[in-house]
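Asks: everything below, folded, please.
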Amino acid sequence: MSTQTTPTPAGRTTTVTTDDARPLGPDTLSDFVSRHVGPRPEEIEHMLEVLGHDSLEALVDAAVPPAIRSADPLSIQAAPSEQAVIAELRELASRNRVLTSMIGLGYYGTQTPPVVKRNILENPAWYTAYTPYQPEISQGRLEALLNFQTMVSDLTGLPVAGASLLDEGTAAAEAVALMRRNSKVAQDAVLLVDEHLLPQTLGVLTTRATPLGIEVVPADLEQVTDATALRAAAGDRDVFGVVVQYPGADGQVRDWRAVAEAAHEVGALVTVAADLLALTLMTPPGEWGADVAVGTTQRFGVPMGFGGPHAGYLSIRSGLERSLPGRLVGVSRDADGDPAYRLALQTREQHIRREKATSNITTAQVLLAVMAGMYAVWHGPEGLRRIALETHAKARALAGALTAGGLTLKVDRYFDTLTVAVPGRADEVLAAALKQGINLWRVDEDTILLSTDEMTTLADLQAVAGAFGVEGPSAVDAVPAPDWDALVRTEEQVYLTHPVFNTYRSETAMLRYIRSLADKDFALDRGMIPLGSCTMKLNATTEMEPITWPEFGALHPFAPADQAEGTHELVRQLSAWLCEITGYDEVSLQPNAGSQGEFAGLLAIRKYHEAQGDHQRTVCLIPSSAHGTNAASASWPA
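Replies: Numbers count the residues shown, from 1 in each chain. Have a look, this model is predicted:
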């Protein structure tokens, strides 16, 4: 082990280390180490003296039991400099091909407001901040999260919204657990989900429901009009919860009032996975009986990023507050009687009654939730409605061109997504669009799905129409309001009325507001945070820089594999390094939080025991000193 934390002084070397040097010698460290591993040699010597050891090796000998200490060096080559890392990342980025995505399915092109990108996403005052456990040094972030909660609550029409979750699929899984806990229906009741749920959400639901003993029953719920039909859709079984998509994955805007009434009649709860941008135009779920609303805020200024990360949301009706997973920011008063923000609710019973924990979600996607909330602050209610109407108008213009050319749509009430019948021609249309630099989605050999967004241009619409073999629209006519009858949001169903969403329209006013919030916080840009955590506070600027590159940020997760070769190689490299570090054979990068990694690991262990025929092995031992999420994660697969 080397105690060196600074580059080898130039006068003591016989050669110059340039950016193309590979591999570096064991005693040659780039200046990255000295820039990011704080202690200098004299500081290390002082700390060792206080601890009573004469070297770092002696300290490690005293602290790490020999039985678990590795004597072999890692076979991972260090980069010679940060500039070399950026060059390598540029090369990987160049291997990605960023085409215009019209795939949709929960991921859309969006314009990150430059004032938000520059002053939040790229600002260490926001991306190095620690979890806001201490409200006295977190007032800025807490206010920004309250903006997020207000935005979600207003758009969904439900009175309480959390401070964000990990993504839409995880939020839906948390909603299912919440419904199961609060429904009085028999424990063998099933979960009924509409067949038009987003595929990734259905996948997460199924995975999370299995260890809980919950049976997931997909069905066409559009024809359900009463409790009898609801039970029939579930295979003549009791139902404790229903999950529907609004609009559906196929694009159809469906009226779920009858389903909600039927569910409530039999004691079931209803969760709606809703598109927030569409909700600026659609009747909010809370108005027609939804108990829970979930979704993603990705299209509120957060790049697709090949699938994430993005801030999920979850809002609830009154009476379900104590079951809300994650965090809830509330308004209180400080010692002087002035308004102050704090974490008002955390369902972290694992702090005290660990076996009673209801969720292993202990944090929020704060940076991304702040971005989404600021997108709403920047655009305001009128701006969001304009973006939604323009997105819808583009879909209508393309729909008109397709039907005028003799094609048939499988949807008649839609927001941004069209499902088009092309008997036997799906591959042909997909290939033709690809030649024009546009990705569409192949549902099957007879069906194509496509979506518009705020980034879609008239040229895109014309190219897509050409791919279908019809003449494209010559213009996009403005649409004053959608023709969805009773599902159109009325003028009485107002949203974003708080002054924060109606004040900051100039860039200078917006950046001053953002700066005023940052000035109320304490992050690494102001001083040391002596707390251990799996947060972002240790990420170097060099590591943050590539996330804003379009070659990484503008990739749709369902884009063809040959368009994401650079990202796939990045995943392969990281997986190999983690295998080398941990000693395991395989690594999954799918979990997007430590709590989800714990849960995935427990599921893998359970599957192993089941494969060995040991179905009775259901006890999980957890040390009393374990992290707070451990008990909650273990309770899920029990």
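
Asks: low-confidence ranges in the stretch 451-600 of the chain?
Replies: Using pLDDT under 70 as the threshold, the predicted model of the stretch 451-600 of the chain has low-confidence ranges 530-538.

Asks: what about the strands in it?
Replies: Residue ranges of strands cannot be listed for the stretch 451-600 of the chain, since DSSP state E, counting those that start in this stretch assigns none.

Asks: what segments of it are helices?
Replies: Remark: helices assigned in the stretch 451-600 of the chain by DSSP state H, counting those that start in this stretch are 458-468, 507-518, 541-544, 550-553, 565-582, 594-611.

Asks: highest mean neighbour count out of the ones you listed?
Replies: Ranked by mean neighbour count, the helices of the stretch 451-600 of the chain are led by helix 458-468 with a mean of 20 (mean count of other Cβ atoms under 10 Å). No exception for glycine: its C-beta is placed from N, CA and C like everyone else's.

Asks: that older thread, which stretch among the helices of the stretch 451-600 of the chain comes nearest residue 190?
Replies: Proximity of the helices of the stretch 451-600 of the chain to residue 190 was assessed by Cβ to Cβ; the nearest stretch is helix 594-611, lying at 20.8 Å.

Asks: got the contact list for that closest one?
Replies: Applying Cβ atoms under 8 Å, 6 or more residues apart in numbering, the external contacts of helix 594-611 come out as 166, 170, 207, 211, 360-362, 534, 588, 590-591, 615, 617-618, 620, 627, 629-630, 632-634, 636-637.

Asks: drop anything exposed from those.
Replies: Neighbour counting with 16 or more other Cβ atoms under 10 Å marks 166, 170, 211, 360-362, 627, 629-630, 632-634, 636-637 as buried within the contacts of helix 594-611.

Asks: redo the residues you listed as TSV? Include pLDDT.
Replies: Shown next, in TSV, are the buried ones among the contacts of helix 594-611 (pLDDT from 0 to 100):
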residue	pLDDT
166	91
170	93
211	85
360	77
361	77
362	70
627	71
629	75
630	75
632	75
633	78
634	74
636	61
637	48
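
Asks: what about the contacts of helix 594-611, which are in strands?
Replies: Secondary structure from DSSP state E places none of these in strands.

Asks: one step back: for residue 16, find the nearest of the helices of the stretch 451-600 of the chain.
Replies: helix 541-544 (21.3 Å).

Asks: CA atoms only: put the closest one into CSV for me.
Replies: Coordinates of each C-alpha in helix 541-544 appear next as CSV, following Å, rounded to 0.1, in the frame of the first residue of the first chain:
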residue,chain,number,x,y,z
THR,A,541,-16.5,17.7,-11.6
THR,A,542,-14.9,15.6,-14.3
GLU,A,543,-17.3,12.8,-13.5
MET,A,544,-20.3,15.2,-13.6
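
Asks: list the helices and strands it packs on?
Replies: Counting contacts by 3 or more Cβ pairs under 8 Å, 6 or more residues apart in numbering; DSSP states H and E, the secondary-structure elements packed against helix 541-544 are helix 82-94.

Asks: could you say what helices and strands the next helix or strand after the helix it packs on packs with?
Replies: Elements were assigned by DSSP states H and E; along the chain past helix 82-94, the next helix or strand is strand 100-101. The contact analysis (3+ Cβ pairs under 8 Å, 6+ apart) places strand 100-101 against strand 438-439.

Asks: helices of the stretch 1-150 of the chain, start to end?
Replies: Counting by DSSP H, counting those that start in this stretch, the helices of the stretch 1-150 of the chain are 31-36, 41-51, 56-63, 82-94, 114-116, 124-127, 139-156.

Asks: picking up where we left off before, would CSV of the helices of the stretch 451-600 of the chain with distance to residue 385 be doable?
Replies: Output for these, formatted as CSV (distance: least, Cβ to Cβ, whole Å):
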stretch, distance to residue 385
helix 458-468, 21
helix 507-518, 19
helix 541-544, 33
helix 550-553, 26
helix 565-582, 34
helix 594-611, 35
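
Asks: thank you kindly, that will do.
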